[in-house]
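S.K.: Based on what follows, work out the 3D shape:
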Amino acid sequence: MTAATPVCPLGKGFDFTNPDVLERGMPVAEFAELRRTAPIWWNEQPALAPIFGDEGFWVVSKHADVRDISKDSGLWSTNAKGAIIRLPEYMEPDQLEFTKALLINHDPPEHTRLRKIVSRMFTPRAVHALEETLGATARQVVEEAVANGSGNFVDDVSIHLPLKAIMDLLGVPEADRDRIHQLVDSIINSDDPDQPFDPVTANAELLGYAYAMAEERRKNPTDDIVTTLVQAGEDGEAMTEIEFGFFVILLITAGNETTRNATSHGMNAFFDYPDQWELFKRERPTATTVDEVLRWATPVHAFQRTANADTQLNGVKIAKGERVGLFYSSANYDEDVFDDPFSFNILRDPNPHLAFGGNGAHFCIGANLARMELGLIFNAIADVMPDVTRTSEIQRVRSGWLNGVKGLGVDYGCPAGKA
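M.R.: Model prediction:
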C-alpha cells in the first residue's frame, strides 16, 4: 500500500473476506459505516501475502465505484491477480497462475475470444427454448418436497433446478451428476468444513472428467455445450485443454451455486417479510421479484480487480498492482441508489442491482437463465406449497467470497388445494 490510508472506522485487522465473519452473516453495519465514512478503505490481509504478493486490498463499498470499475477492463485487470478475492491459504503462487485459465480471470481480448465461443448458448432465444422443460422440473421438485412434509429447503428445493439446467446443457449423464455436484461444492466452498472431498483432489478429478467429456464429444458430437466448445476450433477459436477444463468447472459452479443460494436467501426473505409472500402469491410480479431476490441475496459477496496503472478512486490514490475488492453485497444496499435498501420489496423498480457482477465485459453470461430459473421456482412454490413455513434459522456456508446457504429448515404444509 503506497497511499495514505483513510481513517479506519472498524479497527485494525478487520477483514471483509474472513470466512468466520461471513459465516455469521453479511457485515451490513460495517459496510454502512464504510459507505458513510471511508468508501475506499484498506483491508489488511497478510495471511494471503504469499499468494497475492501484497499485504491486502482496497474495499470498494459504493455502488457507483463498483459499477465504474466493472466497466473499465483496460484500467482494472482480472488476469493480473485473478477475480477471486479470498483464495484458500493452502494455495501456492503457482496455483494462482494455474487458475488464470478460468474465463473470469481473463482480460480482453482473450476474454472476448473465450466468451464468444459459448455466448450463443445463453441468448434470450436459447434460454427461452428451455423454459417449458425447466418449468416442468420446477413443479416436480416442489411437489416431491411437499410429499416429504418437512426438510432442508436447500437440499429439497434450491439445489435441483439450477443443477439440472446446467447439467443438461453440458450433457452430463444422470448417473454422474451427484458426484459432480459434490466435487464442485468441495472446490468452491473449500473453507467450509462440511464438504465431502479435499478441494485439491476434487479439482483434479473434475478436470479429468472434463477432459474425458471433451474426448468423447469429439468422437460422438451431441447437442450440448461441451460439443460446442470442442468444435469451436473449426472457426479458428479453439480453447486450450486447460481453458476447456476450467470453463466446464466455471459453468457448473456459476450455473448452479449462485442461483441455488439466491433461491434459499429469497425464500428466507419471504419468511422475514410475510406480507411480501402474500403479495407474490396474489399478484405474481415475477420480474421485479426476481431482481429484488437477486439484490437481497447477492450470491457473490465480492470479486476483485488489480490496477494496471496508478489511479485515483473516490479521492484515494491506488497504485499500479494494488487490488480492489468489488463488494456487491455493499453496493446492493447503497442508500444513495436504493430507497429503504434494508427492506425486502418485490415491487422495487427500478432496481439497478449489481448481483450479476456489475456491468461491462464480465457481466454474467448466464443472467437470462438465472432469472428464468428463479421465476419458475418461486412460481412453483407459490402454486404447490403456498403455506410453507420456516422451522429453523438459515445456516450459512463458511466462505470468504460467496453468500452461500447450506441449511434452512421448513415445513412444506399441505399441497395447494388439499386440507
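
S.K.: ok now the least confident helix or strand in the chain by mean pLDDT, how far from the chain's centre?
M.R.: The weakest-scoring helix or strand in the chain, judged by mean pLDDT, DSSP states H and E, is helix 93-99 (a mean of 72). Computed by C-alpha atoms, centre = their mean, to the nearest Å, the separation of helix 93-99 from the middle of its chain amounts to 21 Å.

S.K.: I'd like to know which elements it is packed against.
M.R.: Packing partners of helix 93-99 (3 or more C-beta pairs under 8 Å, 6 or more residues apart in numbering; DSSP states H and E): helix 49-52. From N, CA and C alone the C-beta is placed, and that goes for glycine too.

S.K.: tell me the average confidence for the helix it packs on?
M.R.: Average pLDDT, helix 49-52: 90.

S.K.: Likewise for stretch 339-346?
M.R.: Across stretch 339-346, the average pLDDT comes to 98.

S.K.: gap between the two ends of that stretch?
M.R.: By C-alpha to C-alpha, to the nearest Å, the extent of stretch 339-346 from end to end equals 13 Å.

S.K.: Which positions within it qualify as buried?
M.R.: Pro341, Phe344, Asn345, Ile346 (16 or more other C-beta atoms under 10 Å).

S.K.: Could you pull out the strands in the protein for me?
M.R.: Assigned by DSSP state E, the chain shows strands spanning 40-44, 56-60, 76-77, 150-152, 302-307, 311-313, 316-318, 323-327, 389-390, 395-396, 405-407, 409-411.

S.K.: Next, format those strands as CSV and append mean pLDDT.
M.R.: Below are the strands of the chain laid out as CSV (pLDDT from 0 to 100):
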stretch, mean pLDDT
strand 40-44, 95
strand 56-60, 97
strand 76-77, 96
strand 150-152, 98
strand 302-307, 97
strand 311-313, 96
strand 316-318, 97
strand 323-327, 98
strand 389-390, 98
strand 395-396, 96
strand 405-407, 96
strand 409-411, 98
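
S.K.: Including distance to Gly358 and mean neighbour count, could those strands go into CSV?
M.R.: Formatted as CSV, the strands of the chain follow (distance: least, C-beta to C-beta, whole Å; neighbours: other C-beta atoms under 10 Å):
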stretch, distance to Gly358, mean neighbour count
strand 40-44, 16, 21
strand 56-60, 10, 26
strand 76-77, 11, 22
strand 150-152, 32, 18
strand 302-307, 8, 25
strand 311-313, 15, 16
strand 316-318, 17, 19
strand 323-327, 7, 27
strand 389-390, 32, 14
strand 395-396, 24, 20
strand 405-407, 23, 20
strand 409-411, 33, 17
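
S.K.: The ones you listed into CSV, with extra columns for distance to Ile188?
M.R.: As requested, the strands of the chain are exported to CSV (distance: least, C-beta to C-beta, whole Å):
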stretch, distance to Ile188
strand 40-44, 22
strand 56-60, 20
strand 76-77, 23
strand 150-152, 19
strand 302-307, 14
strand 311-313, 29
strand 316-318, 29
strand 323-327, 18
strand 389-390, 26
strand 395-396, 14
strand 405-407, 12
strand 409-411, 23
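
S.K.: and of those, who's closest to Arg282?
M.R.: Nearest of the strands of the chain to Arg282, taken as C-beta to C-beta: strand 389-390 at 17.9 Å.

S.K.: partners of the closest one in the sheet?
M.R.: Here strand 389-390 is paired, per DSSP bridges, with strand 409-411 (antiparallel).

S.K.: Show me how far the strand it pairs with is from its chain's centre.
M.R.: From the chain centre to the centre of strand 409-411 is a distance of 24 Å (C-alpha atoms, centre = their mean).

S.K.: and what of stretch 287-299?
M.R.: Chain-centre distance of stretch 287-299: 12 Å, with C-alpha atoms, centre = their mean.

S.K.: Identify the residues contacting that stretch?
M.R.: Residues outside stretch 287-299 that contact it (C-beta atoms under 8 Å, 6 or more residues apart in numbering): 26, 257-259, 261-266, 269, 280, 328-329, 332, 338, 344-349, 351, 353-356, 370-371, 374-375, 378, 402-404.

S.K.: Give me the ChimeraX select line for the residues you listed, limited to the buried ones.
M.R.: The ChimeraX command for the buried members of the contacts of stretch 287-299 (criterion: 16+ other C-beta under 10 Å) is given here:
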select :26,257,258,259,261,262,263,264,265,266,269,280,328,329,332,338,344,345,346,348,351,353,354,355,356,370,371,374,375,378,402,403,404
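
S.K.: still on that earlier bit, mind listing what's buried along the least confident helix or strand of the chain?
M.R.: Leu96, Thr99.

S.K.: now stretch 359-378
M.R.: 361-362, 364-366, 368-378.

S.K.: and the closest residue to Gln276 other than its chain neighbours, what does it touch?
M.R.: By the measure of C-beta to C-beta, 6 or more residues apart in numbering, the closest residue to Gln276 outside its immediate chain neighbours is Ile346, 5.2 Å from it. Counting by C-beta under 8 Å, 6+ apart, Ile346 touches Gln276, Leu279, Phe280, Pro285, Thr288, Thr289, Glu292, Val293.

S.K.: Of the buried residues of stretch 339-346, which is the nearest to Leu130?
M.R.: For those, the nearest to Leu130 is Ile346 (24.1 Å; C-beta to C-beta).
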